[in-house]
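Novice: Sharing a sequence plus its predicted fold:
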Amino acid sequence: MSKMNLEIAKKIIEGAEAEASNVGVQMVISVLDDGGNLIATHRMDDAWLASIDIAQNKAWTSVALKMPTSNLAEATVPHAELYGLNTTNQGRLVVFGGGIPLELDGKVVGAIGVSGSTVPHDVQVAEAGVKAFNNL
């Protein structure tokens, strides 16, 4: 694989959705390429509409900063070094868990973003998507 595409995104989403079903929560799962371009978004039945934007922005944040969004949580609280970071980039940066880069040979080739539940569940489902990607 040299470039993220719809076929790969569908497999990532399938892995993430299976975990969301295990958790028992309806989620939105988005996959972006390394340029931050949307490849696919999947909204499970009854998932929150607001989660569409959040999932895409979690994935975008992970591509843009090449790190899981959960890494930003502590650094962006009031009085922390990166407080206010989420107000940059037209408010597109998400500073809580659920976005994870997809890496191949040490390079970010895309990202997954998940929204629809608690942060731990969002992270758990995103990790399942990463696992599906790593097993391709």
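Specialist: Nice, thanks for sending it over.

Novice: list the buried ones in stretch 111-129?
Specialist: For stretch 111-129, a neighbour-count test (16 or more other C-beta atoms under 10 Å) marks 111-117, 121-129 as buried. The way it works is simple: take the backbone N, C-alpha and C, and place the C-beta from them, glycine included.

Novice: Look at the residue located most distally from the centre of the chain and give its secondary structure.
Specialist: The outermost residue of the chain relative to its centre, with distances by C-alpha atoms, centre = their mean, is residue 79 at 26.2 Å. For residue 79, the secondary-structure state derived from DSSP: H, G, I helix; E, B strand; the rest coil is coil.

Novice: what pLDDT, on average, does stretch 72-82 get?
Specialist: Rounded to a whole number, the mean pLDDT of stretch 72-82 is 93.

Novice: next one: that stretch to chain centre, how far?
Specialist: Relative to its parent chain, stretch 72-82 has a centroid offset of 20 Å by C-alpha atoms, centre = their mean, to the nearest Å.

Novice: Give the buried residues for it.
Specialist: Neighbour-count burial for stretch 72-82, with 16+ other C-beta under 10 Å as criterion, is recorded at 72, 76.

Novice: Which residues does it contact?
Specialist: By C-beta atoms under 8 Å, 6 or more residues apart in numbering, the list of residues contacting stretch 72-82 from outside reads 61, 65, 83, 84, 85, 86, 93, 94, 95, 96, 97.

Novice: Now, the buried residues of stretch 111-129 that are in strands?
Specialist: Mapping the buried residues of stretch 111-129 onto strands (DSSP state E) picks out 111, 112, 113, 114, 115.

Novice: Against residue 105, how distant is residue 134?
Specialist: Separation of residue 134 from residue 105 (C-beta to C-beta, to the nearest Å): 12 Å.
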